[in-house]
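S.K.: here's my sequence, what's the structure:
(2 chains)
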Amino acid sequence: MSQKSQPDLGRVALLETMRGQGKEWEVLAPCYGVTNPNPPWKTSLTAMCDSLDASGALAALDRRRAEDELAEGVYSDVPAPESQLLALVHTMLNRGLVAEGELASRMRTVRSRLEAV
Amino acid sequence: MTDTPKYGSSGADQCHKAAPTVGEITDFEILEIAVRELAIERGLFTADDHRRFTEFAESIGPAGGSRLVAKIWTDPAFKARAMQDPVKACLEIGIDWSKPTGFGTPSDYTHLTILENTPTLHHVITCTLCSCYPRPLLGMSPEWYRTTNYRRRLPRWPRQVLAEFGLILPPEVEVRVEDSNQKCRFMVLPVRPEGTENWTEEQLAEIVTRDCMIGVALPRPGKTADVHPVHKARRPVHSSHQEEGAR
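M.R.: Prediction:
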């Protein structure tokens, strides 16, 4: 295995803030009487993984290796598919594909856009 | 004036209630959107790539595999073609492994092998390396298929793992575990169950569930959904020591 494919198992401050809020789909969906087993963003997440693989930006095998290690360590208390999302972003941050600061900023922008009335 | 209700005001329409939705926006939803937008802006992939892969993911499901098995069970000539060249035979039932790019997805354009079960041989599939799965035929893999628990334990203790799915095979039935990889995918062809004589392909397809084609279940008349048993612990661990520790 190449050095590059080894995930950094350290904590990511931005992602740490999302844990333990009881907002995982398996917790939230029953509160609203929703029976769909997957959140609405799951298909988009799958397509993002395929797109990264197809472009060569992040090979599926490297991503899955990192996901396995992160899901058993850093995100062992997070259910799927949230753990898959956190592991993907964690890996993208580690590889410099996106930066934590710009991601935090973009998250604020997206939230204000989605909550606009 | 007639009694005919106007469109949109019939009793049935008045009773219609939209399916419930989650009424809040979570950080996870925001994160998925934000990282995707940044990835597109940085040129890691295009919005069009993402749209095509999304459409692909939404278009696939286990129904394709169910149709394939039902046709194999009822059409000996098709079975011969399918066993010889499964990817080509899939085209006959409308499944094109080259979608959505013309060469599949990087991890899906593969060599497909159909594993035929017999009364004395049972196959079950996994991917010990990651979670390779015959997506064009079976759709997205179930979450348990992706877990390291299933992937590590199945090759070592296949009968034990199958029993946890409620599938207990007699000792005279040989169990073979096939390990998928990025270029080789497998699908299990179950034995056609008794009591399905003279059934149509459509009837047969209904009982060929996703789990039957993974190999963790067997088809049987009347069973049209995958239901996993929940085993109660025989000797549950009491948590009194944990409660003490929390004090």
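
S.K.: what's the nearest residue to A:Glu72 if we skip its chain neighbours?
M.R.: B:Thr148 (6.4 Å; C-beta to C-beta, 6 or more residues apart in numbering or on different chains). Placement of C-beta: from N, CA and C, glycine included.

S.K.: who's in contact with that neighbour?
M.R.: A:Asp68, A:Ala71, A:Glu72 (C-beta atoms under 8 Å, 6 or more residues apart in numbering or on different chains).

S.K.: element containing the most centrally placed residue in chain A, please.
M.R.: Closest residue to the average C-alpha location of chain A: A:Leu85 at 2.0 Å, with C-alpha atoms, centre = their mean. Counting by DSSP states H and E, the element that carries A:Leu85 is helix A:82-94.

S.K.: how about that helix as PDB, C-alpha atoms only?
M.R.: Listed next in PDB are the C-alpha coordinates belonging to helix A:82-94 (Å, rounded to 0.1, in the frame of the first residue of the first chain):
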ATOM      1  CA  GLU A  82     -23.100   9.500   8.300                       C
ATOM      2  CA  SER A  83     -19.800   7.600   9.100                       C
ATOM      3  CA  GLN A  84     -19.300   7.100   5.300                       C
ATOM      4  CA  LEU A  85     -19.700  10.800   4.700                       C
ATOM      5  CA  LEU A  86     -17.400  11.900   7.600                       C
ATOM      6  CA  ALA A  87     -14.800   9.400   6.400                       C
ATOM      7  CA  LEU A  88     -14.900  10.600   2.900                       C
ATOM      8  CA  VAL A  89     -14.600  14.300   3.900                       C
ATOM      9  CA  HIS A  90     -11.900  13.300   6.400                       C
ATOM     10  CA  THR A  91      -9.900  11.600   3.600                       C
ATOM     11  CA  MET A  92     -10.400  14.500   1.200                       C
ATOM     12  CA  LEU A  93      -9.100  17.000   3.900                       C
ATOM     13  CA  ASN A  94      -6.100  14.800   4.600                       C
END
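
S.K.: please name every helix or strand in contact with it.
M.R.: helix A:13-16, helix A:42-55, helix A:60-72, helix A:100-114, helix B:27-41 (3 or more C-beta pairs under 8 Å, 6 or more residues apart in numbering or on different chains; DSSP states H and E).

S.K.: could you point out which of the ones you listed sits nearest B:Gly64?
M.R.: Taking C-beta to C-beta, helix A:42-55 is the member of these nearest to B:Gly64, at 17.2 Å.

S.K.: follow-up on the earlier one: just put the helices and strands packed on helix A:82-94 in CSV and tack on mean pLDDT and mean neighbour count.
M.R.: CSV is the format used below for the helices and strands packed on helix A:82-94 (pLDDT from 0 to 100; neighbours: other C-beta atoms under 10 Å in any protein chain shown):
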stretch, mean pLDDT, mean neighbour count
helix A:13-16, 95, 14
helix A:42-55, 96, 22
helix A:60-72, 91, 20
helix A:100-114, 97, 14
helix B:27-41, 98, 21
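
S.K.: got the angle for the helix holding A:Leu85 vs helix A:42-55?
M.R.: 40 degrees (axes from the mean of the first three to the mean of the last three C-alpha atoms, to 10 degrees).

S.K.: next, the buried residues of helix A:82-94.
M.R.: Buried residues in helix A:82-94, defined by neighbour count with 16 or more other C-beta atoms under 10 Å in any protein chain shown: A:82-94.

S.K.: doesn't B:Cys212 make contact with B:Ala70?
M.R.: No. Taking contacts as C-beta atoms under 8 Å, B:Ala70 lies outside contact range of B:Cys212: 11.3 Å.

S.K.: and the helices and strands packed on helix A:82-94 as a markdown table, adding distance to B:Ile95?
M.R.: A markdown table is the format used below for these (distance: least, C-beta to C-beta, whole Å):
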| stretch | distance to B:Ile95 |
| --- | --- |
| helix A:13-16 | 38 |
| helix A:42-55 | 18 |
| helix A:60-72 | 21 |
| helix A:100-114 | 36 |
| helix B:27-41 | 28 |
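
S.K.: so which of the ones you listed gets nearest B:Leu137?
M.R.: helix A:42-55 (16.4 Å).

S.K.: what domains does the record give for chain B?
M.R.: B:25-59, B:61-214 (automatic domain parsing).

S.K.: now the shortest one, how far from the centre of its chain.
M.R.: Relative to the mean C-alpha coordinate of its chain, domain B:25-59 is positioned 23 Å out (C-alpha atoms, centre = their mean, to the nearest Å).

S.K.: can you give me the strands in chain B?
M.R.: Per DSSP state E, chain B has strands spanning B:111-116, B:121-126, B:174-179, B:184-189. These are given in chain order.

S.K.: which residues does residue 91 contact?
M.R.: Here I'm looking at chain A. By C-beta under 8 Å, 6+ apart, the neighbours of A:Thr91 are A:Pro7, A:Leu58, A:Asp62, A:Arg63, A:Ala66, A:Glu67, A:Leu70.

S.K.: I appreciate the help and will end here.
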